[in-house]
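In: Dropping a prediction and its sequence here:
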Amino acid sequence: MKNASLTALALLICSTTASASMERSLAAFEKGDLRLAHTLLIQQHTTDYQKPLLLARIALKKDQDEAALQHIENALAQHPNNPELYFAHVEVVAKIAEQASIFSVSGYIKKLKASFIKAVELAPDNAEYRTALIKFYINAPAMFGGDKQAALAHIKELEKTAPFEAFLTRLHLAGMSDQSEEFARLIAIGQQSFDTDPRFFYTLGQVYREREQNEQALIELRKAATLKTTHTQQEKAKYQALVLIGLLSKELGKYHSEGEAALRQYLEEAVYYYDLPDKSQVKFRLAELAIDSSKTAMAKQLLNEVLTETLSNQLQKKARSALKKLARA
């Protein structure tokens, strides 16, 4: 009896310690200290699904895509009914698909779609999951699973639990379909009812960018970037708008001062979120604008900071290449 009590106590202590360690790992991850989070995670012996999930996301940041996929698939084998893991599986497979050959990309898209659907089936009230699935149906070619009728069906489901998010997806659908009158009608509604919400203008800016109407996209993104925010989702929309302004100024070959100001504002103000662009990526974009504006010293400083800060192997290579070109110039 005494031994049984001691065993139970030992198990309780181990469980409490593991839980505390996971909390420390998660806290480091959410603050953006991914190196510390990784160190803490690999020291843990736990069946908590968050360990492989976080390891997968850190691997993605390092461009270790296959390792990330292995983490997620191993976790799904242990936790087959976890919607968060299926949604993470989408993220990993999507990145791999971006770099896949034309012969293998369709297989990855099928996996991605299946995980999207499974995540929504397991968490039907999760607006983020359903919104992402709707965007997949809107943007994917028909041969890869795109289906605007399926998108509309999910928009109607989304309206039951998240009417604003449903409105944004309906706006996206109309903008990417041959529905000019409906698109104009929804824009008018948004301008009247949601003119203080950066998410409306950011979504509209995204649609115009996808339609290759970049000047109009900038107009909407500027509005998103200047509005006040009251919660996390609005903050994310505002910060993403700032990054897109910087990117579009580079693509258009003009508005460099505005693009530089937007990226600097992001670097100064944006709080770390995993699903926002890394500040090292933003610094690289800013360095590109500096190069275009012949601000060589500023570009070199930013590129060296990128080399020190980023976990991304690909971004490190780009930064080194840019530095070599500047040295030869």
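Out: Thanks, I have it.
In: low-scoring stretches of this structure, by residue?
Out: Along the chain, segments meeting pLDDT under 70 span 1-20.
In: redo that, cut-off 90
Out: Counting by pLDDT under 90, the chain contains low-confidence residues at 1-22, 25, 44-46, 98-106, 143-144, 178, 329.
In: okay, now the domains of it?
Out: 36-123, 278-329 (automatic domain parsing).
In: Quote the end-to-end distance of the longest one.
Out: So the one you mean is domain 36-123. 31 Å (CA to CA, to the nearest Å).
In: and stretch 258-268, which residues are buried?
Out: Glu258, Gly259, Glu260, Ala261, Ala262, Leu263, Gln265, Tyr266 (16 or more other CB atoms under 10 Å). Where you see a C-beta, it was placed from the backbone N, CA and C, and this is true even at glycine.
In: okay, it in PDB with CA atoms only?
Out: Extracted in PDB, the C-alpha atoms of stretch 258-268 (Å, rounded to 0.1, in the frame of the first residue of the first chain):
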ATOM      1  CA  GLU A 258       5.600  55.000 -48.200                       C
ATOM      2  CA  GLY A 259       6.600  51.300 -48.400                       C
ATOM      3  CA  GLU A 260       9.600  51.900 -46.200                       C
ATOM      4  CA  ALA A 261       7.500  53.800 -43.600                       C
ATOM      5  CA  ALA A 262       4.900  51.000 -43.600                       C
ATOM      6  CA  LEU A 263       7.600  48.300 -43.000                       C
ATOM      7  CA  ARG A 264       9.300  50.400 -40.300                       C
ATOM      8  CA  GLN A 265       5.900  50.900 -38.500                       C
ATOM      9  CA  TYR A 266       5.400  47.100 -38.600                       C
ATOM     10  CA  LEU A 267       8.900  46.500 -37.100                       C
ATOM     11  CA  GLU A 268       8.300  49.100 -34.300                       C
END
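In: list the helices and strands the helix or strand hosting Ala150 packs on?
Out: In this assignment (DSSP states H and E), Ala150 forms part of helix 148-161. Packing partners of helix 148-161 (3 or more CB pairs under 8 Å, 6 or more residues apart in numbering; DSSP states H and E): helix 127-139, helix 163-175.
In: Adding distance to Met298 as columns, could you present the buried residues of stretch 258-268 in JSON lines?
Out: Listed next are the buried residues of stretch 258-268 as JSON lines, based on distance: CB to CB, whole Å:
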{"residue": "Glu258", "distance to Met298": "16"}
{"residue": "Gly259", "distance to Met298": "14"}
{"residue": "Glu260", "distance to Met298": "9"}
{"residue": "Ala261", "distance to Met298": "14"}
{"residue": "Ala262", "distance to Met298": "16"}
{"residue": "Leu263", "distance to Met298": "12"}
{"residue": "Gln265", "distance to Met298": "16"}
{"residue": "Tyr266", "distance to Met298": "16"}
